[in-house]
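1. Curious how this folds, go ahead:
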Amino acid sequence: MVIARTIADGLSISRVFLGIAFILLSQSGTDYFSISVWILIIAQLTDHADGFIARKFTKPTLTGYMLDSLGDKVFYVAVIIVFNSQGIYDMMLSWALITREITLYIARICNMEKTKKVKTIHIYSRLHGLFIRVSFVFAMISLYQLNLGTSNDVCLLLANISGWFAFLIAMVGLFFFMRL
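-> So this is what the prediction gives:
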């Protein structure tokens, strides 16, 4: 039980280091682009694995919940920073998405008693996750094209539109979370 909890918490914390690696390798050009894609995939896998391990082999804890959330936030901010620095996300979208991550983390900490009721608004979290991942895919395609010296305005546009949808859905979810 302790080993499973340690593994789950370690996977959550690993996203902090994956975020640092993503920033460093995404700035280096096409030689490291494939590694940054794998880092993005690994971060997503650790996000699913930590929760699975915590639920399957041990009782989920408040510490695990907060570490998972911290790992998510830190990694997402790293990705947003890279996309902004490469001109893929516009400045306002980057600000909005980072503000969302900070606001949600603070809201969760300040309203711990509401965490048991979160399932009632879980659809907003799922939709946000879907749109942010779609945005990340289009942004990675755009980043790849930039590294090749080409560009695709459609991918840039879709990365930003899906990013704004993710933000708006998250704000609706946050509104309902605060009303729980």
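2. for stretch 23-38, which positions count as buried?
-> 23, 25, 26, 32, 33, 36, 37 (16 or more other C-beta atoms under 10 Å). For glycine as for every other residue, the C-beta is placed from the backbone atoms N, C-alpha and C.
3. Next, the residues that contact it from outside, please.
-> Applying C-beta atoms under 8 Å, 6 or more residues apart in numbering, the external contacts of stretch 23-38 come out as 22, 39, 78, 81, 82, 85, 86, 140, 143, 144, 147, 148.
4. out of the buried residues of stretch 23-38, which one sits closest to residue 64?
-> residue 23 (25.4 Å; C-beta to C-beta).
5. so which helix or strand takes in the closest one?
-> Following DSSP states H and E, one finds residue 23 within helix 2-26.
6. Tell me the buried residues in that helix?
-> So helix 2-26, judged by 16+ other C-beta under 10 Å, has buried residues 5, 7-9, 11-15, 18-19, 21-23, 25-26.
7. on that earlier part again, just the buried ones out of the contacts of stretch 23-38, please.
-> 22, 39, 78, 81, 82, 140, 143, 144, 147.
8. Sort out for me which of those residues are in helices.
-> Of the buried ones among the contacts of stretch 23-38, the ones assigned to helices by DSSP state H are 22, 39, 78, 81, 82, 140, 143, 144, 147.
9. Tell me who's in contact with the closest residue in space to the first one that isn't next to it in sequence.
-> Closest residue in space to residue 22, ignoring its immediate chain neighbours: residue 39 at 4.8 Å, by C-beta to C-beta, 6 or more residues apart in numbering. The contact partners of residue 39, by C-beta under 8 Å, 6+ apart, come to 18, 21, 22, 25.
10. Please determine how far residue 39 is located from residue 49.
-> According to C-beta to C-beta, to the nearest Å, residue 39 stands 15 Å off from residue 49.
11. go on, residue 167?
-> According to C-beta to C-beta, residue 167 stands 27 Å off from residue 49.
12. More neighbours: which of those two?
-> A direct count of neighbours by other C-beta atoms under 10 Å for residue 167 and residue 49 places residue 167 higher, at 21 against 16.
13. where's whichever helix or strand that one is part of relative to the chain centroid, distance-wise?
-> Counting by DSSP H and E, the element that carries residue 167 is helix 153-179. Counting by C-alpha atoms, centre = their mean, to the nearest Å, helix 153-179 is centred 13 Å from the centre of its parent chain.
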